[in-house]
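Undergrad: Coordinates for the following, if possible.
(one chain, ligands or ions: 1)
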Amino acid sequence: MKIVVVGTGYVGLVTGACLAEVGTEVVCIDVNQEKISNLKKGILPIYEPGLEDIVIRNYKKGRLHFSTDLADCIRGAQIAFIAVGTPPGEDGSADLKYVLQVADTIGKYMTDYLVVVTKSTVPVGTAAKVDACIAKALRERGEDLEFDVASNPEFLKEGAAVEDFLKPDRIVIGVESERARTLLQQMYNPFLLNGHPILFMDVPSAEMTKYAANAMLATKISFMNDIANLCELVGADVNLVRQGIGSDPRIGNRFIYPGIGYGGSCFPKDVKALIKTGEKKGYNLRILNAVEEVNEDQKKVLINKIKTYFNGDLKDKVFAMWGLSFKPKTDDMREAPSLVIIDMLLEEGAKVQAYDPVAIHEAKHMIGDKITFAEDAESATKDADALLLITEWPEFRLPDWTEIKENMKGRVIFDGRNIYTADEMIDNGFEYFGIGRYAEG
Ligand code: NAD
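TA: Have a look, this model is predicted:
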């Protein structure tokens, strides 16, 4: 089976590498020449636990290939995944420009029956557009080749992407042809051996499933952030409330952690895109509008606490920032709450000294030298007036507080992820502010 994966980012590279891992021949395609030549040298464009090993091993075995030439590589392929970006357009709806460019090239150069699978997150109706685009290109060539379009949204989590792909909670496939269904079932069989389910459905339902999943997850976060803010006002501790509600299996204890708002490349854009889909159909998704509003405000919660603590004067104050990526175990900085907090601190005339275990390279790329980057967590605290915990990387959980106290000028911690407790921090000689909990020290 020859598979082509177009778009070699978080989704495409993980998909291609994991499919090669089970013995398939895969070509990963990207328009970014530098990305492709680096991959051929064993240099990965992203950080994802376990990915480097799989990529290098399968490349050396000759099962995983990299190319910029889709026109050439699509010849003889049986399955083509479209895994390019679908960034928000000006009005918030998903921009399908890259997806349709790829569909057009596939139509121009395919040589045999092909199943084209949209893996990018795309609004309902996109598979039909891809179908029309390929059909048009074939017509223009005067060719009558058969093909099917299927939707196979990706549910991997950055930071656990390889594990999620190899052991999926479920695989969702929207497909309306028996021939395509059989081929995709065959391709995914190696991933289903331990009872992982594959759900076949119609194409619009598959496309909608991805947005509904991300919208529900974003809703859980904004709901808990709203409750956390109220906890502070009434003198309750959201950490205890979270445990109290999470033990009810109807609610569940996962994904109900309050913090400084969701970020990343998916939730913000997918919530916006779903709201737009509703608007286009004359339907107002009231809950999702509120989810977004709460999230925007939540990114400012920590900065408001900081301003109150320093009586509104942050000029020349030095802030140590632990964590930059939008969540741990990834270098992805897209829509990271750290970016909003950094901007606000700089606007107030403060200085930021940041450390992140893997995202510094990406952060430098996005924010340049507006802040300083430290070599490790301890040196980021040098002469700092306050320490901000922004991303809950495991290595921040149990630092040497004595050394940090000696390093710092101030004695205050603002914990945007509630990974410490007030008691613990007071014992270590700090004042402590978390999210939705009794504060101070
Ligand atoms: P990404 O930006 O990391 O990768 C996209 C890649 O596509 C880039 O390398 C880009 O150069 C390439 N590309 C763009 N146009 C191209 C073209 N015409 N031909 C070949 N390559 C092209 O994006 P990502 O995070 O992998 O996301 C891809 C899609 O998957 C998006 O729709 C996203 O919403 C969805 N998704 C992402 C995640 C995630 O956690 N990142 C999870 C599930 C779904």
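
Undergrad: Residue 262 versus residue 435, what's the distance?
TA: Taking Cβ to Cβ, to the nearest Å as the measure, residue 435 falls 13 Å from residue 262. Placement of C-beta: from N, CA and C, glycine included.

Undergrad: Can you give me the neighbour number for residue 257?
TA: The number of residues packed around residue 257, counting by other Cβ atoms under 10 Å, is 20.

Undergrad: Could I get the full set of strands for the stretch 101-250 of the chain?
TA: 114-118, 147-151, 171-174, 198-201 (DSSP state E, counting those that start in this stretch).

Undergrad: tell me the most buried of those strands?
TA: Sort the strands of the stretch 101-250 of the chain by mean neighbour count, taking mean count of other Cβ atoms under 10 Å, and strand 114-118 sits at the top with a mean of 27.

Undergrad: what mean pLDDT would you report for it?
TA: Averaging pLDDT along strand 114-118 gives 98.

Undergrad: Tell me what angle it forms with strand 147-151.
TA: Orientation check (axes from the mean of the first three to the mean of the last three Cα atoms, to 10 degrees): strand 114-118 against strand 147-151 gives 20 degrees.

Undergrad: how far does strand 114-118 sit from the chain's center?
TA: A distance of 24 Å separates the centroid of the chain from that of strand 114-118, by Cα atoms, centre = their mean, to the nearest Å.

Undergrad: What is it packed up against?
TA: strand 79-82, helix 97-109, helix 126-141, strand 147-151, helix 178-188 (3 or more Cβ pairs under 8 Å, 6 or more residues apart in numbering; DSSP states H and E).

Undergrad: so what's residue 116 bridging to?
TA: residue 80, residue 149 (DSSP bridges).

Undergrad: Let me see the contact set for it.
TA: 80, 82, 103, 106, 130, 134, 147-150 (Cβ atoms under 8 Å, 6 or more residues apart in numbering).

Undergrad: what's the closest of those to the ligand?
TA: The closest of the contacts of residue 116 to the ligand turns out to be residue 82 (Cβ to the nearest ligand atom; 8.6 Å).

Undergrad: And for the closest one, the neighbour number?
TA: The burial count assigned to residue 82 is 28, neighbours taken as other Cβ under 10 Å.

Undergrad: That one contacts residue 115, correct?
TA: No - with contact defined as Cβ atoms under 8 Å, residue 82 does not count as touching residue 115 (11.4 Å).

Undergrad: Could I get the buried residue list for stretch 332-345?
TA: 332-342, 344-345 (16 or more other Cβ atoms under 10 Å).

Undergrad: what does that stretch rub up against?
TA: 10, 46, 158, 259-261, 263-265, 268-269, 299-300, 302-303, 306, 314, 319, 321, 323-326, 351-352, 354, 359, 362-363, 365-367, 370-371, 388, 390-391, 416.
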